[in-house]
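*Asks:* coords below, sequence missing:
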């Protein structure tokens, strides 16, 4: 049985609802590099990520460009839009790691939203955070250059208390994946990273980014605003 009560933001829901979720939910594994849930799937099912990362993105086949909308990880939900409007959400998904998800019938999730205030207290703040994330992405793409967008992304994911993954969702991501998150291409990210390395802000160790001077990073972002 999945111990859902250990997952934020579900720590406050009742034990009876946890038991129901654990009873009807199914665990599914998406292998690294493979497509994850499809838009057709999300018309029928709702997903909660247990472990690993899933990229949610748009793709333009005419210029072969991608724009990452979200990186879903531990305790993230998908797809909150389809839950609410019952409409087809045309996005693409790829598992960036071997990823484990909890799969729930979407009609059951809608029932909990209608009848269970505790579930609402978990669901709606999460939905608001996703909306803020998309608003921030739109603002960054419109108002800041690629260098500033990259530095803001690094700073947003920085967690120096976690020695195993100090850059959070960016851990072991390729430069191409990072480029997709800030609306640019790999060689532009490479150029910016080399400049940050030259300035003593970071270094690249075994294809992983490591931050050397957070104060310099903060000051550079402030100067670029």
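*Replies:* Alright, I've got the coordinates. Predicted, not measured: the structure shown is a model, and the values here were computed from it.

*Asks:* where does residue 211 land on pLDDT?
*Replies:* The score at residue 211 is 86. That number is its pLDDT.

*Asks:* residues in a beta bridge with it, which ones?
*Replies:* residue 202 (DSSP bridges).

*Asks:* give me the distance from stretch 31-42 to the chain's centre.
*Replies:* 14 Å (C-alpha atoms, centre = their mean, to the nearest Å).

*Asks:* now do that stretch, average pLDDT.
*Replies:* Averaged across stretch 31-42, pLDDT comes to 94.

*Asks:* span of it from start to end?
*Replies:* 18 Å (C-alpha to C-alpha, to the nearest Å).

*Asks:* list the buried ones in it?
*Replies:* Neighbour counts over stretch 31-42 (16 or more other C-beta atoms under 10 Å) mark 36-37, 41-42 as buried. The C-beta positions use only the backbone N, C-alpha and C, and glycine is treated the same way.

*Asks:* repeat for stretch 184-196
*Replies:* Under 16+ other C-beta under 10 Å, the buried positions of stretch 184-196 are 184, 188-189, 192-193, 196.

*Asks:* and the lengthiest helix in the chain, what's buried?
*Replies:* In the chain, assigned by DSSP state H, the helix with the most residues is helix 117-143. By neighbour count with 16+ other C-beta under 10 Å, helix 117-143 contains the buried residues 119, 122-123, 126, 130, 137, 140.

*Asks:* among these, which pair sits farthest apart?
*Replies:* Spanning the widest gap among the buried residues of helix 117-143 are 119 and 140, at 31.9 Å by C-beta to C-beta.

*Asks:* the domain parsing of this protein - what is it?
*Replies:* Domain assignment for the chain by automatic domain parsing gives 4-129, 144-224.

*Asks:* helices along this structure, start to end?
*Replies:* Using DSSP H, helices in the chain cover 15-24, 80-85, 106-115, 117-143, 146-157, 175-182, 186-198, 214-224.

*Asks:* of all these, which one is nearest residue 55?
*Replies:* Short answer: helix 175-182, nearest of the helices of the chain by C-beta to C-beta, at 7.2 Å.

*Asks:* what helices and strands are in contact with the closest one?
*Replies:* Packing partners of helix 175-182 (3 or more C-beta pairs under 8 Å, 6 or more residues apart in numbering; DSSP states H and E): strand 54-60, strand 65-72, helix 146-157, helix 186-198.

*Asks:* change it to 7 Å
*Replies:* Applying 3 or more C-beta pairs under 7 Å, 6 or more residues apart in numbering; DSSP states H and E, one finds that helix 175-182 makes contact with strand 65-72, helix 146-157, helix 186-198.

*Asks:* tabulate the ones you listed (TSV), appending mean pLDDT.
*Replies:* Supplementary listing: the helices and strands packed on helix 175-182 in TSV, determined by pLDDT from 0 to 100:
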stretch	mean pLDDT
strand 65-72	93
helix 146-157	92
helix 186-198	94
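
*Asks:* nearest to residue 214, out of those?
*Replies:* helix 146-157 (8.1 Å).

*Asks:* any buried residues in the closest one, and which?
*Replies:* For helix 146-157, using 16+ other C-beta under 10 Å, the buried residues are 146-154, 157.

*Asks:* what is the burial count for the closest residue to residue 120 other than its chain neighbours?
*Replies:* In this structure, residue 120 finds its nearest non-sequential neighbour in residue 113, 6.1 Å apart by C-beta to C-beta, 6 or more residues apart in numbering. Look at residue 113: counted by other C-beta atoms under 10 Å, it has 15 neighbours.
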